[in-house]
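> no sequence on this one, just coordinates:
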């Protein structure tokens, strides 16, 4: 936990005022170093967890006692006053909040101490089991689940402590495990670092079942136990391996430390891992520098993104009744339109981050909700294009104009397929299949034979039958590393199906690692496509200014308004045919 409070001594002096996470962490570390010099420097020698947590608990207990005493004195003074000054009432309220805050932090520390005591007992029990030879279990049949301890031994009759570290494997492949077991596989040992693929899956998808701060806390608990068991000559090697794990976390998934409280906990963890060795301190310092640099770039890019893609730019804005646009889609060449849409679509696609995709599944709040804007903007962009197609057709009052607009969109769709922009292709096909457009029989009959055939071909490619089977088969023809912009909503649908169809945890409380791995693979596919899209984007150059202004200025309307426009230009024939 990060100490971050402002309290007052009975004499009125301010004690322990802190403002930033880095300052808080530095103060804690200085206090901790001074307090545990007489010990081994590890948390392995105490059932509660050792020096660091003992010092923090003692500090909070001491401050709480002081603040409770000061609150009582101030409350007594308030009761004695016939007409107390507002400043005294405000002081009582301030002290009450401080006491509540300190009590909450003390409760967290005590709970943490109990968990660490359980881990220590579990470690000793596991060591005893190894010395005793453990309970032998029969070999599992081929393909049958095998229950194992996280240290690799098969489970026979198990104690409750052993069950905390169980995993289930099928043919040697990890399927599920307890949180403790998964963390045990994530942390490095003196003999080896964790497997890269497993480490990346855990760091990327852990938000599905726990918080980043909780995972960091568990990693540090393992470090303290292992540090207490390591020989003096091995301690720096252990520190370096744990520092490398956190550095990789910062490099790949720095968004997890966007929140200042979690960032403060990371600073404290890096300081603890750095110790006194110059090399370890250098790695810790580099990790913080990497984090600061990535967060700075992210904030700058967000400003540019918001300026270029205002949220209102992706919302349905009702059009003025008699407003006549300066241009229509027929005013521009199909190739220029398709290229502009490709560039704009690629920019939005590449802005979506993996963490946004993961966050949509666990119902995060606060800072994590704010990290969904790129994903939301890209989905809204697709919807806007689809409704723009329908709107541009339905607002043309004359049959010839409507047919020309419809043929132009078919050409842009055909060109988008040629450019392998399946997201825009699907948006155009969806717009043409809008019910308000589909009922325009006179307009469809006015299309040329070639335009009708081209539309049927595009419609067949993106048809939803057999779960978009034609489109999926088309993608299998692409080689790994080929450029194409996918129908993004289908990726989202697949991920939702994978998430909703598989629980995060089993009935026994084990984490569904197989699900995590599946989602991670799917997200990595998107990341690979984004990498190819960035390369392609660089080769496309700039957008035609007039075309870009036209696309950004489009004003699609909703379904109700579309139907009203549609029935105005081609009234229903039912009343004429009814006899």
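It's in. No experiment lies behind these values; they were computed from the predicted model shown.

> could you list every helix and strand in contact with the strand or helix carrying residue 386?
In the assignment (DSSP states H and E), residue 386 maps to helix 373-394. Helix 373-394 is packed against helix 278-308, helix 334-351, helix 354-362, helix 399-418, helix 422-432, helix 435-438, helix 488-500, helix 559-569, with contacts defined by 3 or more C-beta pairs under 8 Å, 6 or more residues apart in numbering; DSSP states H and E. In short, each C-beta sits where N, CA and C put it, glycine included.

> who's in contact with the fourth one?
Applying C-beta atoms under 8 Å, 6 or more residues apart in numbering, the external contacts of helix 399-418 come out as 328-330, 334-335, 337-338, 341-342, 389, 392-394, 396, 422, 424-425, 428-429, 431-432, 437, 440, 442-444, 446-448, 451, 454-455, 458, 461, 569.

> buried set for it?
Neighbour counts over helix 399-418 (16 or more other C-beta atoms under 10 Å) mark 401-417 as buried.

> what about it, distance to the chain center?
Relative to the mean C-alpha coordinate of its chain, helix 399-418 is positioned 38 Å out (C-alpha atoms, centre = their mean, to the nearest Å).

> now swap in the longest one and tell me
Taking C-alpha atoms, centre = their mean, the mean C-alpha location of helix 278-308 is offset from the chain mean by 17 Å.

> and what of the third one?
Relative to its chain's centre, helix 354-362 lies at 4 Å (C-alpha atoms, centre = their mean).

> let's see the pLDDT reported for the spatially most central residue of the chain.
Geometric centre of the chain, nearest residue: residue 355, 2.5 Å, by C-alpha atoms, centre = their mean. According to the prediction, residue 355 has pLDDT 85.

> which residue is the nearest non-sequential neighbour of it?
Spatial nearest neighbour of residue 355, excluding adjacent residues (C-beta to C-beta, 6 or more residues apart in numbering): residue 255 at 4.4 Å.

> just to check, the one you found is in contact with residue 353?
Yes: contact criterion C-beta atoms under 8 Å: residue 255 and residue 353 qualify, at 6.8 Å.

> can you give me the helices in the stretch 451-579 of the chain?
Using DSSP state H, counting those that start in this stretch, the helices assigned to the stretch 451-579 of the chain run over residues 465-476, 488-500, 513-540, 545-552, 559-569, 574-577.

> residue 228: which of those is closest?
Nearest to residue 228, of all the helices of the stretch 451-579 of the chain, is helix 513-540, at 28.5 Å by C-beta to C-beta.

> just want the angle from the closest one to helix 354-362.
140 degrees (axes from the mean of the first three to the mean of the last three C-alpha atoms, to 10 degrees).

> quick check: mean pLDDT across helix 513-540?
Mean predicted confidence for helix 513-540 is 93.

> now swap in stretch 239-258 and tell me
94.

> can you start the count at 52 instead of 1 from here on
Sure thing, new numbering starts at 52, so read that last one as stretch 290-309.

> so how far is it off the chain centroid?
For stretch 290-309, the distance to the chain centre is 16 Å (C-alpha atoms, centre = their mean).

> repeat for stretch 558-576
Worked out by C-alpha atoms, centre = their mean, stretch 558-576 lies 14 Å from the chain centre.

> now stretch 551-562
20 Å.

> that one spans what distance, first to last residue?
15 Å (C-alpha to C-alpha, to the nearest Å).

> likewise for stretch 248-262?
OK, stretch 248-262 end separation, C-alpha to C-alpha: 20 Å.

> thinking again about what came up before, for the helices and strands packed on helix 424-445, which one sits closest to residue 521?
Per C-beta to C-beta, nearest to residue 521 of the helices and strands packed on helix 424-445: helix 473-483, 11.3 Å.

> now that closest one: buried residues?
Buried residues in helix 473-483, counted by 16+ other C-beta under 10 Å: 473-483.

> just stretch 291-304 next, same as before
By 16+ other C-beta under 10 Å, the buried positions in stretch 291-304 come out as 291-301, 304.

> can you give me how far the strand or helix carrying residue 236 is from the chain middle?
Using DSSP H and E, residue 236 maps to helix 230-237. Remark: helix 230-237 is offset 21 Å from the chain centroid, using C-alpha atoms, centre = their mean.

> packing partners for that helix?
Using 3+ C-beta pairs under 8 Å, 6+ apart: helix 230-237 touches strand 217-221, helix 247-256, helix 263-280.

> which of the ones you listed sits closest to residue 601?
The nearest among the helices and strands packed on helix 230-237, by C-beta to C-beta, is helix 247-256 at 39.4 Å.

> can you list contacts of that closest one?
225, 233, 236-237, 266, 296, 299-300, 303-304, 405, 409, 564, 567-568, 570-571, 574.

> of those residues, buried ones?
Among these, those that count as buried by neighbour count (16+ other C-beta under 10 Å) are 225, 233, 236-237, 266, 296, 299-300, 304, 405, 409, 564, 567-568, 570-571, 574.

> now tabulate the helices and strands packed on helix 230-237 in CSV and tack on mean pLDDT and distance to residue 339.
Shown next, in CSV, are the helices and strands packed on helix 230-237 (pLDDT from 0 to 100; distance: least, C-beta to C-beta, whole Å):
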stretch, mean pLDDT, distance to residue 339
strand 217-221, 86, 34
helix 247-256, 94, 18
helix 263-280, 94, 14
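
> of these, which is nearest residue 560?
strand 217-221 (9.9 Å).

> now for the helix or strand following that closest one, which elements pack on it?
With elements assigned by DSSP H and E, the helix or strand that comes after strand 217-221 is strand 224-228. Strand 224-228 is packed against strand 217-221, helix 564-591, with contacts defined by 3+ C-beta pairs under 8 Å, 6+ apart.

> what's the spacing between the shortest one and its chain's center?
On the basis of C-alpha atoms, centre = their mean, strand 217-221 sits 27 Å off its chain's mean C-alpha point.

> please apply the same query to stretch 113-126.
On C-alpha atoms, centre = their mean, the centre of stretch 113-126 falls 42 Å from the chain's centre.

> which one of the helices and strands packed on helix 424-445 is the most hemmed in?
Counting by mean count of other C-beta atoms under 10 Å, helix 473-483 has the highest mean neighbour count of the helices and strands packed on helix 424-445, with a mean of 24.

> leaving out the residues flanking it, which one is nearest to residue 429?
Per C-beta to C-beta, 6+ apart, closest to residue 429 is residue 399, 4.5 Å.
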